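Visitor: Sequence unavailable; structure follows:
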């Protein structure tokens with residue numbers, strides 16, 4: 001299997017995160033919609049930092065806005081508050097890498 005380009009990996013990740021969120025079982029106090037957006041922003045930040053360490057703050061904000069726009073159209077992301085447990089959310093928000101975030105959310 002050939003490795004994905006950075007741009008392709010970023011595109012795939014923006015699709016995978018909402019789908020991953022949809023698979024997480026809810027328990028305890030769920031995250032709020034604002035916290036789900038913060039989770040998406042953090043995921044985007046970590047992904048961009050790993051794939052494009054030279055990205056400017058302005059470019060990062062544009063990428064986060066794109067991720068939010070895509071998530072807003074995804075029914076799975078709309079269910080984040082019902083599907084992500086408080087423990088999974090807290091774990092993901094503490095994670096230092098995208099891979100660790102995904103482990104928390106799976």
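Guide: Structure's in. What do you need? Since the structure is predicted, the reported quantities are computational estimates derived from the model, not experimental observations.
Visitor: Could you list the low-confidence segments of the chain?
Guide: Across the chain, the stretches falling below the confidence threshold (pLDDT under 70) are 1-28.
Visitor: Between its first and last residues, how far does stretch 49-65 reach?
Guide: The stretch stretch 49-65 measures 16 Å between its terminal residues, going by CA to CA, to the nearest Å.
Visitor: May I see the buried residues of that stretch?
Guide: Using 16 or more other CB atoms under 10 Å as the burial criterion, the residues of stretch 49-65 that qualify are 51, 60, 63, 64. Where C-beta positions appear, they are placed from N, C-alpha and C, glycine not excepted.
Visitor: and these, which two are the farthest apart?
Guide: 51 and 64 (14.0 Å; CB to CB).
Visitor: List the buried residues for stretch 87-100?
Guide: Within stretch 87-100, the residues that count as buried by 16+ other CB under 10 Å are 88, 89, 92, 95, 98.
Visitor: what's near enough to touch the fourth one?
Guide: Residue 95 sits next to 46, 101, 103, 104 when contact means CB atoms under 8 Å, 6 or more residues apart in numbering.
Visitor: Same question for the last one.
Guide: Shown in contact with residue 98 (CB under 8 Å, 6+ apart): 13, 43, 46, 47, 50.
Visitor: doesn't residue 97 make contact with the last one?
Guide: Spelled out, that is residue 50. Yes - with contact taken as CB atoms under 8 Å, residue 50 and residue 97 are classed as touching, separated by 6.8 Å.
Visitor: shared neighbours, those two?
Guide: When contacts are counted by CB under 8 Å, 6+ apart, the set common to residue 50 and residue 97 is empty.
Visitor: For the contacts of residue 95, which ChimeraX command selects only the ones that are buried?
Guide: Buried residues among the contacts of residue 95 (16+ other CB under 10 Å), as a ChimeraX selection:
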select :46,101,104
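Visitor: out of the contacts of residue 95, which are inside helices?
Guide: Per DSSP state H, helices hold the following members of the contacts of residue 95: 46, 101, 103, 104.
Visitor: Just put these in TSV and tack on distance to residue 31.
Guide: Rendered in TSV, the data for the ones in helices among the contacts of residue 95 read as follows (distance: CB to CB, whole Å):
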residue	distance to residue 31
46	17
101	14
103	17
104	12
